[in-house]
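Participant: sequence and predicted structure, then a few things I'm wondering about:
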Amino acid sequence: MNKSELVAAMAAKAEISKKDAEKALKAFEDVVMEELQAGGKIQLVGFGTFEVTERKARVGRNPKTNEEMSIPGGKAPKFKAGKALKDVVKGE
């Protein structure tokens, strides 16, 4: 499912226009990005948690030359699925 299909599905499910559904999705994306940029996290009980994780610097290998190279640490977004979402995917 791509973004336009998601907007159409949201509009049908909520019985709103596609334009309103697109605004709602854009607002959700903006709020999540702003919160993660500020170092916070968003918990949606049953669905999951969006948060930022710290990755340590490490040594990797270039697969072509087998030469060691350093990979810098940094921050990365992470999503952890909640129990209800996991159960739906499992078919329970």
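Facilitator: Good, I have the coordinates. Numbers count the residues shown, from 1 in each chain.

Participant: can you pull out the strands in this structure?
Facilitator: Assigned strands in the chain, in chain order: 42-44, 48-55, 58-61, 68-71, 74-81 (criterion: DSSP state E).

Participant: can I get those strands in TSV including mean pLDDT, distance to K18 and mean neighbour count?
Facilitator: For glycine as for every other residue, the C-beta is placed from the backbone atoms N, C-alpha and C. Formatted as TSV, these follow (pLDDT from 0 to 100; distance: least, Cβ to Cβ, whole Å; neighbours: other Cβ atoms under 10 Å):
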stretch	mean pLDDT	distance to K18	mean neighbour count
strand 42-44	97	23	13
strand 48-55	96	25	14
strand 58-61	94	44	10
strand 68-71	94	42	10
strand 74-81	96	25	12
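
Participant: any idea how this protein splits into domains?
Facilitator: 1-31, 39-92 (automatic domain parsing).

Participant: can you list the strands of the chain in CSV and add distance to E22?
Facilitator: Below are the strands of the chain laid out as CSV (distance: least, Cβ to Cβ, whole Å):
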stretch, distance to E22
strand 42-44, 20
strand 48-55, 20
strand 58-61, 40
strand 68-71, 37
strand 74-81, 22
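
Participant: now the helices for the chain?
Facilitator: Taking DSSP state H as the test, the helices found in the chain are 3-14, 18-37, 83-90.

Participant: with mean pLDDT added, can I get those helices in a markdown table?
Facilitator: A markdown table is the format used below for the helices of the chain (pLDDT from 0 to 100):
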| stretch | mean pLDDT |
| --- | --- |
| helix 3-14 | 96 |
| helix 18-37 | 97 |
| helix 83-90 | 94 |
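
Participant: Serialize those to JSON lines and add fields for mean neighbour count and distance to R55.
Facilitator: Output for the helices of the chain, formatted as JSON lines (neighbours: other Cβ atoms under 10 Å; distance: least, Cβ to Cβ, whole Å):
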{"stretch": "helix 3-14", "mean neighbour count": "13", "distance to R55": "27"}
{"stretch": "helix 18-37", "mean neighbour count": "13", "distance to R55": "14"}
{"stretch": "helix 83-90", "mean neighbour count": "12", "distance to R55": "24"}
